[in-house]
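Structural data only, the sequence is not supplied:
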């Protein structure tokens, strides 16, 4: 229930950031289309493609737990966008082309409002809803 409320609030916040006439991105659909094959529908790292990978995909439901109770928003967005580590050395595909388009000011937790792709913000906010209690 808490996850649904957080997702709804994130959608409202994002809708307020977008210029008039723009659609709010659907992070649940982006997750299903681009993440679930490896990370699984619930985000536990048990997707259908996970078995074929050398390294098991991250369990996205414990990101807050493994970060002393705080969701590592900036680190997660950097990983998704492709800024974390050298390209070609990790298992994560490069999603930077997916992030082209509308930008919104976003504070990833460091107190700095940074222009950030709206779909990236939406996906990070959705991942927060997957955190285990």
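On my side now, so go ahead. In this text, all values refer to a predicted model and were calculated from it rather than measured experimentally. Residues are numbered from 1 along each chain as shown.

can you tell me how far residue 101 sits from residue 31?
Residue 101 sits 17 Å away from residue 31, going by C-beta to C-beta, to the nearest Å. Every C-beta, even on glycine, is put in place using the N, C-alpha and C of the backbone.

which SSE is residue 106 in?
strand 103-107 (DSSP states H and E).

Can you point out the buried residues in that strand?
104, 106 (16 or more other C-beta atoms under 10 Å).

I'd like to know which elements it is packed against.
helix 2-17, strand 113-117, helix 118-129 (3 or more C-beta pairs under 8 Å, 6 or more residues apart in numbering; DSSP states H and E).

if we go to 10 Å?
helix 2-17, helix 73-81, strand 113-117, helix 118-129 (3 or more C-beta pairs under 10 Å, 6 or more residues apart in numbering; DSSP states H and E).

And the next helix or strand past the first one?
Going back to what we said before, that points to helix 2-17. Taking DSSP H and E, what comes next after helix 2-17 is helix 27-34.

how big is the angle separating that next one from helix 73-81?
40 degrees (axes from the mean of the first three to the mean of the last three C-alpha atoms, to 10 degrees).

what's next to helix 27-34, contact-wise?
7, 10-11, 14, 26, 35-36, 39, 41, 43, 60, 80, 93, 95, 98, 118-127, 129-130 (C-beta atoms under 10 Å, 6 or more residues apart in numbering).

Could you turn the buried ones of these into a ChimeraX selection?
A single ChimeraX command selects the buried members of the contacts of helix 27-34 (16+ other C-beta under 10 Å):
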select :7,10,11,14,35,36,39,43,60,80,95,98,118,119,120,121,122,123,124,125,126,127,129,130
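
one step back: please identify which of residue 101 and residue 31 sits among more neighbours.
residue 31 (19 against 11; other C-beta atoms under 10 Å).

Next one: the more buried one from residue 105, what distance?
23 Å.

Now do residue 127 against residue 51, distance only.
22 Å.

I'd guessed residue 98 sits against residue 119; true?
Yes. With contact defined as C-beta atoms under 10 Å, residue 98 reaches residue 119; the gap is 6.6 Å.

got any residues that touch both of the two?
Joint contacts of residue 98 and residue 119 (C-beta under 10 Å, 6+ apart) are 30, 34, 80.
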